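Trainee: sequence and computational prediction follow.
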Amino acid sequence: MLARCKTAALLGLEARPVLVEVDLAPGLPGLQMVGLADAAVQESRERVRSALRHSNQKVPQTRVVVNLAPADLRKEGPGFDLPIALGLLLASGQLAPASSEAVWSAGELALNGELRPIRGVLAIAIAARQHGARALVVPQANSWEAALVDGLQVWGASDLNQVLWHLQHPHANHQNVQPLRPQARRPGPTGPEVGDLAAVKGQAHGRRALEIAAAGGHHLLLCGPPGSGKTMLAQRLAGLLPALNPAEALELTAIHSVAGLLDSSQGLLETRPFRSPHHSCSAAGLLGGGGLPRPGELALAHHGVLFLDELAEFRRAVLDQLRQPLEDGEVWIHRARQRTRFPCQITLVAATNPCPCGWLGDPERSCSCGEGQRQRYWGRLSGPLLDRIDLQVVMRRPSSHALTAPFRQHSDGDGPESTAVVRQRVLRARRRMAGRNPAGCSNGRIPGGVLHQVVQLEPQALLVWEGALRQRQLSARAGARLLRVAQTISDLGAQPQISAAAIAEALTYRSFDQLH
């Protein structure tokens with residue numbers, strides 16, 4: 001007898017429908033798996049046998065062939081255990097075919113029949129809804145995640161017996177079986193506490209650059225000696241950004257689901273991510289990769305902030321692979337059998353010391369590095385990479401007066417602005433961009449082909465911009481980025497046109513144009 005169950009296989013951020021076909025035929029007892037299954041799927045034979053036995057179900061004592069169609073699509077992970085088990089019960093007549101009609105399933109089986117959580121359930125739920133499923137059965141720990149998809153009933157089960165009872169008796173209850181009911185969506189986590197910008201002492205130039213980066217979605221490089229506040233500034237950027245809209249939140253949650261980073265206590269991710277990989281991170285860890293590619297730090301920071309501390313300590317080969325993703329807002333990973341896309345519309349914040357010892361240019365401590373050491377240090381940052389960073393800021397250690405300012409009384413209220421005050425300016429500037437820019441994008445992502453249609457310059461500003469292009473020998477990309485930064489400065493000041501002062505201020509954030 002031939003039986004069929006439906007599930008899905010992960011391919012990047014998408015889930016492709018998979019038909020599990022189970023055939024019982026005369027012959028020696030055994031289970032053969034076909035359909036380009038990896039080792040984890042092949043091992044499901046033992047897990048399914050044991051789970052059926054401990055769930056008081058009969059294991060077919062005949063030749064069993066399980067085909068995972070389409071046969072040319074790679075299948076990975078233990079999520080096929082549950083549909084294979086249901087297929088075996090259908091083929092052996094222990095489960096009525098009508099009970100599982102239009103019901104998709106996914107989950108890992110323990111040897112005693114319990115259901116364990118798997119990754120990528122949100123993507124599977126989206127695929128199930130798109131292909132007309134009436135319900136999706138998943139492990140209880142994944143049920144809140146799958147319930148984020150509207151228009152699909154999600155049934156969370158704790159073990160195989162619970163699934164079987166309710167497939168056989170959908171309208172009945174049993175005293176020894178907990179009810180298997182459609183799940184409702186769970187509120188998302190509140191996210192980590194973000195420090196207040198008012199705690200940053202001094203660094204007026206760096207604070208202003210951070211505000212511009214948040215308003216326009218511009219990439220930012222902070223260069224300064226140890227203790228100058230680079231990391232403190234970077235950690236406060238996420239608090240200046242607007243809240244995620246529902247579509248962005250669902251997309252971000254799907255990425256973290258595929259990466260296996262969601263747990264049973266999480267619902268829809270509603271706070272912008274802040275990712276900070278170590279400088280020893282590999283290219284695959286940063287961009288994503290693997291035989292069946294998984295998202296890297298770039299994709300995990302989608303719609304949020306990617307902070308690369310000690311930028312010059314990263315390997316140059318790794319950093320150079322950031323060029324195209326920073327420009328396009330997406331990563332394409334190519335394999336022999338497939339191409340996988342991961343979105344990565346991020347705001348990059350990088351921090352680095354001016355030299356290996358960290359004290360080059362410091363007025364109080366002298367640098368101990370030789371010229372060759374400094375050249376090798378900065379040689380890891382290629383010109384094309386720096387060309388894609390809009391804001392480049394040199395920072396100095398705060399003065400003793402700035403450090404002791406919080407301990408003095410301020411009767412005139414002249415302390416540094418808080419995150420809440422700066423965020424209001426950022427939100428107002430973003431609203432101006434949304435009403436003017438194509439598709440409501442931020443200034444940092446205005447397509448180059450329409451930049452001249454969006455940006456309006458005063459006559460004097462055009463002369464200043466032209467002079468900067470000529471004197472600094474800026475590339476076309478750097479010149480366009482300079483214009484985008486100036487537009488953000490104008491939006492923060494509620495100016496209808498870019499002024500010469502806005503171009504001049506934008507030029508102060510191009511510290512390393514002539515480094516290479």
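Mentor: Yes, it's here. Bear in mind the structure is a predicted one, so any value in this text is a computation, not a measurement. Numbers count the residues shown, from 1 in each chain.

Trainee: how about the helix or strand of the chain with the lowest mean pLDDT: buried residues?
Mentor: Using mean pLDDT, DSSP states H and E, the weakest-scoring helix or strand in the chain turns out to be helix 400-404, at a mean of 70. Residues Ala402 are the ones in helix 400-404 that count as buried (16 or more other CB atoms under 10 Å). Bear in mind the C-beta positions are built from the backbone N, C-alpha and C, glycine included.

Trainee: just say helix, strand or coil for Met33.
Mentor: Following DSSP: H, G, I helix; E, B strand; the rest coil, the label given to Met33 is strand.

Trainee: tell me how far it lies from Leu2.
Mentor: Note on Met33: its distance to Leu2, by CB to CB, to the nearest Å, is 16 Å.

Trainee: more neighbours, these two?
Mentor: Counted by other CB atoms under 10 Å, Met33 and Leu2 do not tie: Met33 has more neighbours, with 19 against 13.

Trainee: ok, now which ones touch Ala157?
Mentor: Going by CB atoms under 8 Å, 6 or more residues apart in numbering, Ala157 touches Gly107, Leu115, Val137, Val138, Pro139, Gln140, Val163, His166, Leu180.

Trainee: any idea of the pLDDT on the nearest residue to it once chain neighbours are set aside?
Mentor: Spatially, and ignoring its direct neighbours in sequence, Ala157 is nearest to Val163 (4.7 Å; CB to CB, 6 or more residues apart in numbering). Val163 is assigned a pLDDT of 94 by the prediction.

Trainee: next one: phi and psi at Val163?
Mentor: phi -60, psi -50 (degrees, to the nearest 10).

Trainee: I figured it hits Val137, correct?
Mentor: Yes - between Val163 and Val137 there is a contact under CB atoms under 8 Å: 5.7 Å.

Trainee: list residues touching both of these two?
Mentor: Common contacts of Val163 and Val137 (CB under 8 Å, 6+ apart): Leu82, Ser105, Trp155, Ala157.

Trainee: which members of these are the farthest-apart pair?
Mentor: When CB to CB is used, the two most widely separated members of these are Leu82 and Trp155, lying 11.4 Å apart.

Trainee: and the two? Which one has more around it.
Mentor: Counted by other CB under 10 Å, Leu82 and Trp155 do not tie: Leu82 has more neighbours, with 29 against 21.

Trainee: show me where the stretch 301-450 of the chain has its strands.
Mentor: Ranges of strands in the stretch 301-450 of the chain, per DSSP state E, counting those that start in this stretch, are 305-308, 330-334, 339-343, 347-352, 391-394.

Trainee: any chance of those strands in TSV, plus distance to Lys230?
Mentor: Listed next are these as TSV, based on distance: least, CB to CB, whole Å:
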stretch	distance to Lys230
strand 305-308	10
strand 330-334	26
strand 339-343	27
strand 347-352	4
strand 391-394	9
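
Trainee: give me the nearest residue to Val422, chain neighbours excluded.
Mentor: Using CB to CB, 6+ apart, the closest residue to Val422 is Glu211 (5.4 Å).

Trainee: in a helix, that neighbour, correct?
Mentor: Yes - assessed by three-state DSSP, Glu211 belongs to a helix.

Trainee: now do Gly260 against Pro295, distance only.
Mentor: For Gly260, the distance to Pro295 (CB to CB) stands at 10 Å.

Trainee: and which of the contacts of Ala157 is nearest to Ala127?
Mentor: Within the contacts of Ala157, the smallest distance to Ala127 is 12.8 Å, found for Val138 (CB to CB).

Trainee: I figured that closest one hits Leu152, correct?
Mentor: No - the pair formed by Val138 and Leu152 falls short of the contact definition of CB under 8 Å, at 10.9 Å.

Trainee: common neighbours of these two, please.
Mentor: Joint contacts of Val138 and Leu152 (CB under 8 Å, 6+ apart) are Ala125, Ala146.

Trainee: what about the two, which has more around it?
Mentor: Neighbours of Val138 and Leu152, each counted by other CB under 10 Å, are more numerous for Val138; the result is 30 against 19.

Trainee: what about that one, which SS state?
Mentor: Per three-state DSSP, Val138 ends up strand.

Trainee: can you pull out the helices in the stretch 151-300 of the chain?
Mentor: Assigned by DSSP state H, counting those that start in this stretch, the stretch 151-300 of the chain shows helices spanning 160-168, 204-216, 230-235, 246-258, 283-287, 297-300.

Trainee: quick one: buried residues of stretch 324-344?
Mentor: Across stretch 324-344, burial judged by 16+ other CB under 10 Å covers Pro325, Leu326, Gly329, Val331, Ile333, Thr340, Phe342, Pro343, Cys344.
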